[in-house]
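[1] sequence plus the predicted model coming up.
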Amino acid sequence: MKDLLKVALIQTDIFWENPEANRASLEEKICQIAQKIDLIILPEMFTTGFSVENSPITEPPNHTTTKWMKQIAQRISSAICGTIPINENGHVYNRFLFVIPDGTVQSYDKKHLFRIGTESRFFSEGKSRVNIEYKGWKICPQICYDLRFPVWSINKNLQYDLLIYVASWPDARLNAWDTLLKARAIENQSYVLGVNRIGKDGAGLSYSGHSTGVDPLGVNINPLSEKDDIIVLEIDKNKLNTFREKYPFYKDGDNFEIIA
């Protein structure tokens, strides 16, 4: 168990539909991190950008990018996570991969598909939420558009300590990104880490980052940045537990189950 978790948020531009270039660029950035890190978080669809129609850039499970993540995790003794388009049994999923240094891979398939961006036409939705155990932390991974649906992240009986959102969240709605990350932290009495990309994609959308950590009070841990950046921050399990004990709001939460 580790009370302090040191995390690196990789806020970067993404080469459009070019997995090889993106892996090379990200590996170079990761090698620049001089500190010992427990977890590295990459943006949504970090190998391709938010491209939803190009089936040749999808990968089968445990293929090139997954193996690359395993190699990175083992080399630097840190977990690494982010999403890539996975083609499995005739379906394409926007799949969050969480890889730890021993090679274990846990995954979550995006539940809420971005209808406006036609993601729901080409991708299949995930069916269940996932909680991941890592170094004594309970972690709930979610993806971009999931952020708009608070029921999907409800932290009933404190099922998790850390909520992660990886995203391709464009400039036009950046205020919603900033606001909803804080809301999810406050309502769930949890740390929230949100990683968004920068730059302009092949569909003409612009992105300005604002990757951040948010504490359970809804306060940003780091200044918001709109540049290519590696944001290293530390979150504290003892502080989280102390806050929950002092303000046990979760005990008065509504009792319901998600059935679909």
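    Perfect, thanks for sending it. Numbering: from 1, shown residues only.
[2] hey, what's Phe98 bridged with?
    Bridge pairing for Phe98 (DSSP bridges) gives the partners Cys81, Gln106.
[3] isn't it right next to Ala79, touching?
    Yes. If you go by Cβ atoms under 8 Å, Phe98 and Ala79 touch, sitting 6.5 Å apart. Glycine gets a C-beta too; all of them are placed from N, C-alpha and C.
[4] any chance you could map the helices in the chain?
    Assigned by DSSP state H, the chain shows helices spanning 19-31, 64-76, 119-122, 174-188, 237-246.
[5] returning to what we had before: any shared contact partners between Phe98 and Ala79?
    Common contacts of Phe98 and Ala79 (Cβ atoms under 8 Å, 6 or more residues apart in numbering): Tyr134.
[6] which among the helices of the chain is found nearest to Asp38?
    Ranking the helices of the chain by proximity to Asp38 (Cβ to Cβ) places helix 64-76 first, at 10.4 Å.
[7] wait, what's in contact with Gly213?
    When contacts are counted by Cβ under 8 Å, 6+ apart, Gly213 touches 7, 9, 191-194, 220-222, 231, 233, 235.
[8] any chance of a markdown table for the residues you listed, columns pLDDT, neighbour count and distance to Gln142?
    Shown next, in a markdown table, are those (pLDDT from 0 to 100; neighbours: other Cβ atoms under 10 Å; distance: Cβ to Cβ, whole Å):
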| residue | pLDDT | neighbour count | distance to Gln142 |
| --- | --- | --- | --- |
| Val7 | 98 | 23 | 16 |
| Leu9 | 98 | 27 | 15 |
| Tyr191 | 98 | 26 | 13 |
| Val192 | 99 | 28 | 10 |
| Leu193 | 99 | 25 | 11 |
| Gly194 | 98 | 29 | 10 |
| Asn220 | 98 | 17 | 19 |
| Ile221 | 98 | 16 | 19 |
| Asn222 | 97 | 14 | 20 |
| Ile231 | 98 | 21 | 19 |
| Leu233 | 97 | 16 | 19 |
| Ile235 | 98 | 23 | 17 |
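[9] mind checking which of these land in strands?
    Using DSSP state E, the members of these that fall in strands are 7, 9, 191-194, 231, 233, 235.
[10] run a quick neighbour tally on Pro248.
    Number of residues near Pro248 (other Cβ atoms under 10 Å) recorded here: 11.
[11] for it, give me the pLDDT.
    pLDDT for Pro248: 94.
[12] and it, its phi and psi?
    As for Pro248, its main-chain torsions (degrees, to the nearest 10) stand at phi -80, psi 60.
[13] buried sites along the lowest-mean-pLDDT helix or strand in the chain?
    Least confident helix or strand of the chain, by mean pLDDT, DSSP states H and E, is helix 119-122 with a mean of 92. Within helix 119-122, the residues that count as buried by 16 or more other Cβ atoms under 10 Å are 119, 122.
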